[in-house]
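Visitor: Need coordinates for the following:
(2 chains)
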Amino acid sequence: NAGVTQTPKFQVLKTGQSMTLQCAQDMNHEYMSWYRQDPGMGLRLIHYSVGAGITDQGEVPNGYNVSRSTTEDFPLRLLSAAPSQTSVYFCASSRSGPGVSPLHFGNGTRLTVT
Amino acid sequence: AQSVTQPDIHITVSEGASLELRCNYSYGATPYLFWYVQSPGQGLQLLLKYFSGDTLVQGIKGFEAEFKRSQSSFNLRKPSVHWSDAAEYFCAVVNNAGNMLTFGGGTRLMVKP
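Guide: Residues are numbered from 1 along each chain as shown, chains lettered A, B, ... in the order given. Got it, this is the predicted structure:
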């Protein structure tokens, strides 16, 4: 049972480049989300999805896009990378939302934008 | 909007000593509160949660937390800390709709032998 899988583990981008962070879960969870973690700021919600075809913005959505075409996958796209997007990114899923069932986290993607 | 404050950025305790990590929340209604733990290089894992009822909740790994409405607090405690408890701890609150979890800034726990 793989749980939540994030790829890549590390990535370095130049300012202005685009990329996609991948997230896949094999637990048939309806809810999926992306967080970024910065020192002293905890985790901040970027986007979330309550099911296939449904996405919504979190606390810090600017500069990021998401889509949810299947239950299993929830990719995060950086359209034009900026140094302010240097962070550790976590994907998390839960059976029916964090208010009801616990979030299961991936191991993170460390992104550096130069 | 809801918010969570963890006043202590770093805490160091000796192995075997007791532990209390502070958490204060801001929320208009009855909050649903959580504590998560993050080991180095890993994602987060749920320790315990409070929804309603008994204000003292038990979690995994011997942790407990007490909800105090009058103080807007949800402090995490452990009677005797083990070296393996060294990690970063996050308090969190969920919104009314149950679809957005807001985390505090985290408290990094170090354990002295």
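Visitor: Figure out the length between the terminal residues of stretch A:12-28.
Guide: 31 Å (C-alpha to C-alpha, to the nearest Å).
Visitor: how far is that stretch from where the chain is centred?
Guide: Here stretch A:12-28 is found 8 Å from its chain centre; the criterion is C-alpha atoms, centre = their mean, to the nearest Å.
Visitor: What residues does chain B have near chain A?
Guide: B:4, B:6, B:9, B:32, B:34, B:36, B:41-46, B:49, B:90, B:94-95, B:97-106 (C-beta under 8 Å from any C-beta of the partner chain). Just so you know, the C-beta spots here come from the backbone N, C-alpha and C atoms, and that holds for glycine as well.
Visitor: By neighbour count, sort out the buried ones in those residues.
Guide: By neighbour count, with 16 or more other C-beta atoms under 10 Å in any protein chain shown, these hold B:4, B:6, B:32, B:34, B:36, B:43-46, B:49, B:90, B:94-95, B:98-106 as buried.
Visitor: now, which of those residues lie within strands?
Guide: If you go by DSSP state E, those have B:4, B:32, B:34, B:36, B:44-46, B:49, B:90, B:94, B:101-103 in strands.
Visitor: Look up the closest residue to B:Ser14, ignoring the ones flanking it.
Guide: Distances taken as C-beta to C-beta, 6 or more residues apart in numbering or on different chains place B:Lys112 nearest to B:Ser14, at 4.7 Å, with adjacent residues excluded.
Visitor: residue contacts, the closest residue to A:Asn107 other than its chain neighbours?
Guide: In this structure, A:Asn107 finds its nearest non-sequential neighbour in B:Gly43, 5.5 Å apart by C-beta to C-beta, 6+ apart. B:Gly43 makes contact with A:Val4, A:Phe90, A:Ala92, A:His104, A:Phe105, A:Gly106, A:Asn107, A:Gly108 under the criterion C-beta atoms under 8 Å, 6 or more residues apart in numbering or on different chains.
Visitor: a markdown table for those residues, including distance to B:Arg77?
Guide: A markdown table is the format used below for those (distance: C-beta to C-beta, whole Å):
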| residue | distance to B:Arg77 |
| --- | --- |
| A:Val4 | 29 |
| A:Phe90 | 26 |
| A:Ala92 | 26 |
| A:His104 | 25 |
| A:Phe105 | 24 |
| A:Gly106 | 29 |
| A:Asn107 | 28 |
| A:Gly108 | 28 |
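Visitor: Buried ones only from those residues, please, as a PyMOL command.
Guide: Here is the PyMOL selection string for the buried members of the contacts of B:Gly43, based on 16+ other C-beta under 10 Å:
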select buried, chain A and resi 4+90+92+104+105+106+108
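Visitor: for chain B, what are the nearby residues on chain A?
Guide: A:4, A:31, A:33, A:35, A:40-45, A:48, A:50, A:56, A:58-59, A:90, A:92, A:97-100, A:102-108.
Visitor: Please flag which of those residues sit within helices.
Guide: Nothing among these maps onto helices, per DSSP state H.
Visitor: Now restrict those residues to buried residues only.
Guide: When the residues of chain A next to chain B are checked for burial by 16+ other C-beta under 10 Å, the buried set is A:4, A:31, A:33, A:35, A:42-45, A:48, A:50, A:58, A:90, A:92, A:97-99, A:102-106, A:108.
Visitor: center of chain A, which residue is that?
Guide: A:Trp34 (2.8 Å; C-alpha atoms, centre = their mean).
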